[in-house]
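S.K.: Could you work out the structure for the sequence below:
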Amino acid sequence: MKSTPTKARRGFTLIELLVVIAIIAVLIALLVPAVQKVREAAARSQCQNNLKQIGLAMHGFHDTYKKLPPAAWNNNASIGNNDENNVGPNWAVMILPYVEQGPLYNLYNASISNFQRWALTNGATGSNDQGWRGMRDKTVPIYVCPSEANSAILGSRAGGSWARGNYAANEGPRQECWNGGTVTTTPAGGSGNWIAKAPLWHNGSSTLIGLTDGTSSTILVNHIRAGTSAGDPRGSWALGVVGASITTGCPAGDCFGPNDSGGNSDDVAGCDNRPDILMGCWNGGYGQANARSSHTGITLAGFGDGSVRTVLNSIDTNNWYFLLSSTDGQTPTANTQ
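M.R.: As a prediction, this is how the structure comes out:
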């Protein structure tokens, strides 16, 4: 009996293989941006939740002490100089018990109380107790935005390693606000003369009622980015100086809207001037620090009413100024969501 001849099996031709590879490449090219978009949406949602929890913590602090936390406790003699070696605990340290970090706070409670008394009494009681700095290298997850690329780079300023964070107290749109002062001035790139006053400042803060522009029109906490090197202190969550955990002085001079693209727009000692990634900075001293984020086209901000809103990079400087000042008497329009 004759066997039936087996039909030879034909493999892919080179052209067919190239077509399949091309189709797979196109599918990957379509899929990767979609995956990145989903990841960023999730990161932005988590970042918003972080700010929401920080806002609730601010309100919890206010309920206990009848005012908001100070931007930072400081030796009165060095207010305005941002003396990084002698500055005391900042707002992010003071609200630790309200963001489920009570055990960390309690480890350094005695030191915090010593410095607080010293600052409140102008040195009459308490002491310049810097023992609280033992917490400086501890990462607090709620203070870190998932989109932050530099969160693993510890800052090396002020004699130690500082863990990073991405949220900063709003110390008003002018440098004169950092000791609770007010000034009437014109926003950089804007028009008119408006009062500038901060909701939080060194050694003091407003009450919620004291935010006369309204809690829904006043930013308490801005989004910031971490420094791109160890020497750049921006985003050091426990360090109570401008740029590290405080924004101020914008829009003024060469500092304009959030995520501005200019070189040297922040003034932060030791910082890296990176306008190519929207982190321009002059490193000669402390003076200005703007809101910045890795979220495309926006920053996030926590308001006095506990809400979290997005602020578009395109916001005009007058409206940006109004959001940052607590007593300018104006109602910001548009450019937030």
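
S.K.: When you work out contacts or count neighbours from here on, use the C-alpha atoms and nothing else.
M.R.: Fine.

S.K.: now the helices: where do they sit in the stretch 201-337 of the chain?
M.R.: 317-324 (DSSP state H, counting those that start in this stretch).

S.K.: low-scoring stretches of it, by residue?
M.R.: Along the stretch 201-337 of the chain, segments meeting pLDDT under 70 span 334-337.

S.K.: show me where pLDDT drops low in the stretch 51-200 of the chain?
M.R.: 77-80.

S.K.: how about the strands of it, start to end?
M.R.: Using DSSP state E, counting those that start in this stretch, the strands of the stretch 51-200 of the chain run over residues 167-170, 183-185, 194-196, 200-201.

S.K.: Pull up the pairing partners for the second one, direction included.
M.R.: Using DSSP bridges, strand 183-185 pairs in its sheet with strand 194-196 (antiparallel).

S.K.: For residue 328, list the residues it contacts.
M.R.: 194, 195, 196, 197, 213, 322 (CA atoms under 8 Å, 6 or more residues apart in numbering).

S.K.: And for residue 73?
M.R.: With CA under 8 Å, 6+ apart, residue 73 has these contacts: 87, 88, 89, 90, 115, 116, 119, 202, 203, 204, 240.

S.K.: any idea how far the first one lies from residue 201?
M.R.: Read it as residue 87. When distance is defined by CA to CA, to the nearest Å, residue 87 is 13 Å away from residue 201.

S.K.: Quick check: neighbours shared by those two?
M.R.: By CA under 8 Å, 6+ apart, the residues touching both residue 87 and residue 201 are residue 72.

S.K.: Pick out whichever of these two has more residues nearby.
M.R.: residue 201 (29 against 26; other CA atoms under 10 Å).

S.K.: check contacts around residue 185.
M.R.: 192, 193, 194, 195, 196.

S.K.: Widest-spaced pair of these?
M.R.: 192 and 196 (12.3 Å; CA to CA).

S.K.: Show me which of those two is the more surrounded one.
M.R.: A count of neighbours by other CA under 10 Å puts residue 196 above the other of residue 192 and residue 196, at 28 against 9.

S.K.: Might one say that that one is in contact with residue 326?
M.R.: Yes - between residue 196 and residue 326 there is a contact at 7.2 Å, judged by CA atoms under 8 Å.

S.K.: list residues touching both of the two?
M.R.: Contact criterion CA under 8 Å, 6+ apart; residues shared by residue 196 and residue 326: residue 172.

S.K.: Tabulate the CA atom coordinates of stretch 114-132 in PDB.
M.R.: Taking Å, rounded to 0.1, in the frame of the first residue of the first chain, the C-alpha atoms of stretch 114-132 are listed here in PDB:
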ATOM      1  CA  ASN A 114      12.300  73.500  73.800                       C
ATOM      2  CA  PHE A 115      12.800  75.300  70.500                       C
ATOM      3  CA  GLN A 116       9.200  76.400  70.300                       C
ATOM      4  CA  ARG A 117       9.400  78.100  73.800                       C
ATOM      5  CA  TRP A 118      12.800  79.700  72.800                       C
ATOM      6  CA  ALA A 119      11.200  81.200  69.600                       C
ATOM      7  CA  LEU A 120       8.100  82.400  71.300                       C
ATOM      8  CA  THR A 121       9.900  84.100  74.200                       C
ATOM      9  CA  ASN A 122      12.800  85.500  72.100                       C
ATOM     10  CA  GLY A 123      15.200  83.300  74.000                       C
ATOM     11  CA  ALA A 124      14.000  84.000  77.500                       C
ATOM     12  CA  THR A 125      13.000  80.300  78.100                       C
ATOM     13  CA  GLY A 126      13.600  77.100  76.200                       C
ATOM     14  CA  SER A 127      16.700  76.700  74.100                       C
ATOM     15  CA  ASN A 128      18.000  76.400  70.600                       C
ATOM     16  CA  ASP A 129      17.500  72.700  70.800                       C
ATOM     17  CA  GLN A 130      18.300  71.000  67.500                       C
ATOM     18  CA  GLY A 131      17.700  67.500  68.700                       C
ATOM     19  CA  TRP A 132      14.500  67.300  66.600                       C
END
